[in-house]
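Undergrad: This is a predicted model, with the sequence first.
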Protein chains: 2
Amino acid sequence: MRLEIICTGDEVLTGKIVNTNFSYMSQKLEDVGLAVSWETTVGDDRDNLLHAFQLAGERADAVIVNGGLGPTVDDLSQEVAAQAAGVDLVLNEDWLARMEEFFRRRSRVMPPNNRKQAMLPSTAEVIDNPIGTACGFALDIGRARFFFTPGVPRELRRMLEEQIVPRLLAKSGKPVAIHLKRFHSYGLGESHIDTLLTGLEQMAPDGGVKLGFRSHYPQIETKLTVRGTNMDDVRRKLEPLAQQVRKRLGNFILAEDDDTLEGVVLRELTARQGNLTTVEMFTSGQVAGRVAHLAGAEKVFRRGIVARDLAEIYAAVGLDVAPPAGELTRETAEAVARAARVTGGSTHALAVLIELDEGADRIDFGGTICLAIATANDASSRRSRILGGRDWVRLGAAEMGLDCLRRYLQGLPVVERIDFEKV
Amino acid sequence: MRLEIICTGDEVLTGKIVNTNFSYMSQKLEDVGLAVSWETTVGDDRDNLLHAFQLAGERADAVIVNGGLGPTVDDLSQEVAAQAAGVDLVLNEDWLARMEEFFRRRSRVMPPNNRKQAMLPSTAEVIDNPIGTACGFALDIGRARFFFTPGVPRELRRMLEEQIVPRLLAKSGKPVAIHLKRFHSYGLGESHIDTLLTGLEQMAPDGGVKLGFRSHYPQIETKLTVRGTNMDDVRRKLEPLAQQVRKRLGNFILAEDDDTLEGVVLRELTARQGNLTTVEMFTSGQVAGRVAHLAGAEKVFRRGIVARDLAEIYAAVGLDVAPPAGELTRETAEAVARAARVTGGSTHALAVLIELDEGADRIDFGGTICLAIATANDASSRRSRILGGRDWVRLGAAEMGLDCLRRYLQGLPVVERIDFEKV
């Protein structure tokens, strides 16, 4: 099945908005085994829209169109869709009633121009939008089935996942039971993970499992897309493979599915009624920024201290004389973490200290990281070097700090060689 | 002149990479008055690439192709370009020598597969890439001039700005002297700015000035694109209009061109040999995160304190009993800023305190912000309410804190009604 996407709107075409709707759709479709083969972006322009619909209608079996369903004059999707399909626009009374109800529930009167959103091509199948006034719909243009979706990201996501994906899977004849299992890791490079997972896809007795990766430094997501005749079949296939991934990637897996590193840290601390003080140097608060705003963090995150200078950090946690520049050690980090824990009155403290190299920023610019975790009875620490420019060092150090805290809380070794550090 | 862009590569088509190259190109071209009318994304697939080149060659006058110039087998741009133009691929000896030199300077031997990057269509005009091994080139396909560019963002940017834009402007017959003037503001909505600047374009005596906006909450960028016969002409046109923008947007302009809010704050503090302590609640370190890592901030940024809880903030700055929840005032913020300044031993302190509404996150979820700036002799403060969900409140509060500090340092009123607050 050949699948295309058409994105519409001047804001996207002029680059005012980065087209994250497209990358989201393409990833989501790939996750269920539907590859997009062509994407077109056109502005709010009748001629270009019509031409784009006609071309895709000649080439593809299914086309998703995003945007242009709004109430304003530059929203042209319904009108041009009707023209391309050679049918009339007609008022959909049901959708009009839905919209009026939508406004009534919000104690507002529907503005007259919203009526336009209920004008659909006469052959259109309505696709529900439970959270907005833009009416999704499907119809045939040329040899392809077209699916029209709203530009508002949360409305698009809900419509794509709940309604369009099932229709596309049915149309493609693929088994409809499908599940995406995700593992988030830190410390192993993509090719390293690929090697560690050699032969994994072949372990599914009757196929239907696809391995993929998504890299967003410093984390890498390992994805298993499992297809089966029903969800029991999917679970039966997935379970032994998921175990294999956990075994082969071991301590490097920091979370699964919708969990996040900071979420896991927060949960571990909450479970033991713990709380946290953080101290950061040069990361300019990224560690605190990952944790402090989370729902539930108000009980766990006690205090964060951010500074550029080791002497300043010493002063902030009530320590005396800081070691001179160039002499950052694990012992320093441990002393800072211990003192910060006392100052913040918390069960746990994490200190992430960085000494940057000298000179201008460049691709092999690096920093030395000393980090430590302290509790009332104990301190753990690690020293590492990361290269890759100032931003890279900063991102890497914040990630390493949180991941070492996760390891500490989970009883795993805090020091384990990772692919991103230089020794 | 009809201009199209073709983006190539499986990583972009599958959404693994968000297509920021496209939005960058389209914005940059619009800034010089060249509108993109159509964009196509295809993967590393011979048939789709050829078809995309042919279609664009029939429709457009100029086409920019991005990606596919690398050394690996899935980099197909030169090969398919030659096929579409009906010419042979030939080895470009000059580029081969350049590449060998490129590797030699880095004390490396050129791998054999890089030779592929010097194979160009026989009719190609070489477009220099001074910072990489991917050779840019131009040639005619159909009725259009095609420009092939590398996928590496910094190589693309340099090639587009230095070499392709001038060629496109020459081809379009537009005057070549062009300048983009940018004003960054916080506190006025886009339509408000648009109204304040009514009639501005018409003030240029002989036209050639275009007004545009780019909104990235909480800031809005106001852009003046000025075209003239030469740079003197451009400057002559720009100066009175820039003065008008400064006059009409007044204190809301926080920076111009490449300057940033945090950069202006850092510069103002540096100029008076000042330094800064920050205290943040719920923004989870975003204020510190904007300033602390900047080059030069090591002399200015003293200490940042992050907490979720007012009692914790009181403890961290050495104050006694925090007021109970629900009683956050400007006076509280001033007391915290004053105490933080003493604790941090700095000339200035900024405190951004937030009391969130109760309940689940939603689009009209809000927070009350009390912020204060303290020096040895003085304190200034402001109270505000921002709605729009937790992330929106957090972003808005951090921006408001930094902007009030900017206003304070520049001797402007700290309290001035903004469009984004509820009163």
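TA: Now that the structure is in, tell me what you want to look at.
Undergrad: Quick one: the strands in the stretch 51-200 of chain A, in order.
TA: Listed in chain order, the strands of the stretch 51-200 of chain A (DSSP state E, counting those that start in this stretch) span residues A:62-66, A:89-91, A:119-121, A:125-127, A:136-141, A:144-149, A:177-186.
Undergrad: Show me what the fifth one packs onto, helices and strands only.
TA: Right, the one you point to is strand A:136-141. Taking 3 or more C-beta pairs under 8 Å, 6 or more residues apart in numbering or on different chains; DSSP states H and E as the contact definition, the neighbouring helices and strands of strand A:136-141 are helix A:46-59, helix A:77-85, strand A:119-121, strand A:125-127, strand A:144-149. Any C-beta I mention is one placed from the backbone N, CA and C, and that applies to glycine too.
Undergrad: now those in CSV, with distance to B:Gln78, mean pLDDT and mean neighbour count?
TA: Written out in CSV, the entries for the helices and strands packed on strand A:136-141 read as follows (distance: least, C-beta to C-beta, whole Å; pLDDT from 0 to 100; neighbours: other C-beta atoms under 10 Å in any protein chain shown):
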stretch, distance to B:Gln78, mean pLDDT, mean neighbour count
helix A:46-59, 25, 98, 18
helix A:77-85, 36, 98, 22
strand A:119-121, 43, 97, 23
strand A:125-127, 43, 97, 16
strand A:144-149, 32, 98, 24
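Undergrad: Quick check: which of the ones you listed is nearest to chain B?
TA: helix A:46-59 (6.2 Å; C-beta to the nearest C-beta).
Undergrad: How far does the closest one sit from its chain's centre?
TA: Once both centres are worked out by C-alpha atoms, centre = their mean, to the nearest Å, helix A:46-59 turns out to sit 32 Å from its chain's centre.
Undergrad: quick check, it touching chain B?
TA: Yes. Helix A:46-59 is in contact with chain B by C-beta under 8 Å from any C-beta of the partner chain, via A:Asn48, A:Ala52, A:Leu55.
Undergrad: returning to that earlier point: with respect to A:Ile418, which of the helices and strands packed on strand A:136-141 lies nearest?
TA: Distances from A:Ile418 to each of those were compared using C-beta to C-beta; the minimum, 40.6 Å, belongs to strand A:144-149.
Undergrad: In the sheet, which strands lie alongside the closest one, parallel or antiparallel?
TA: Each strand that pairs with strand A:144-149, with its direction, by DSSP bridges: strand A:62-66 (parallel), strand A:136-141 (antiparallel).
Undergrad: what's in contact with the first one?
TA: Contacts to strand A:62-66, defined as C-beta atoms under 8 Å, 6 or more residues apart in numbering or on different chains, come from residues A:1-8, A:21-22, A:25, A:53, A:56-57, A:77, A:81, A:141, A:144-151, A:156, A:160, A:164, A:168, A:171.
Undergrad: now swap in stretch A:2-10 and tell me
TA: Applying C-beta under 8 Å, 6+ apart, the external contacts of stretch A:2-10 come out as A:16-17, A:19, A:21-22, A:25-26, A:29, A:34-44, A:49, A:52-53, A:56, A:59-68, A:74, A:76-77, A:144, A:151, A:168.
Undergrad: looking at the strands paired with strand A:144-149, which is buried most?
TA: Between these, strand A:62-66 has the highest mean count of neighbours, a mean of 26, where neighbours are mean count of other C-beta atoms under 10 Å in any protein chain shown.
Undergrad: looking only at pLDDT, what's the mean for that strand?
TA: Model confidence over strand A:62-66 averages 98 on the pLDDT scale.
Undergrad: what angle separates it from helix A:77-85?
TA: Per axes from the mean of the first three to the mean of the last three C-alpha atoms, to 10 degrees, the angle that strand A:62-66 makes with helix A:77-85 is 150 degrees.
Undergrad: and strand A:62-66 with helix A:46-59, angle?
TA: Using the same axes, to 10 degrees: strand A:62-66 against helix A:46-59 is 160 degrees.
Undergrad: Could I get the strands of the stretch 51-200 of chain A in CSV, plus columns for distance to A:Gly366?
TA: Shown next, in CSV, are the strands of the stretch 51-200 of chain A (distance: least, C-beta to C-beta, whole Å):
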stretch, distance to A:Gly366
strand A:62-66, 42
strand A:89-91, 62
strand A:119-121, 59
strand A:125-127, 52
strand A:136-141, 50
strand A:144-149, 45
strand A:177-186, 18
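Undergrad: neighbours around the residue of chain A found nearest chain B, how many?
TA: Closest to chain B within chain A is A:Gly285: 2.8 Å, counting by C-beta to the nearest C-beta. Number of residues near A:Gly285 (other C-beta atoms under 10 Å in any protein chain shown) recorded here: 31.
Undergrad: looking at it, it is touching B:Val291, isn't it?
TA: No. Proximity of A:Gly285 to B:Val291 does not meet the contact threshold set by C-beta atoms under 8 Å, at 9.6 Å.
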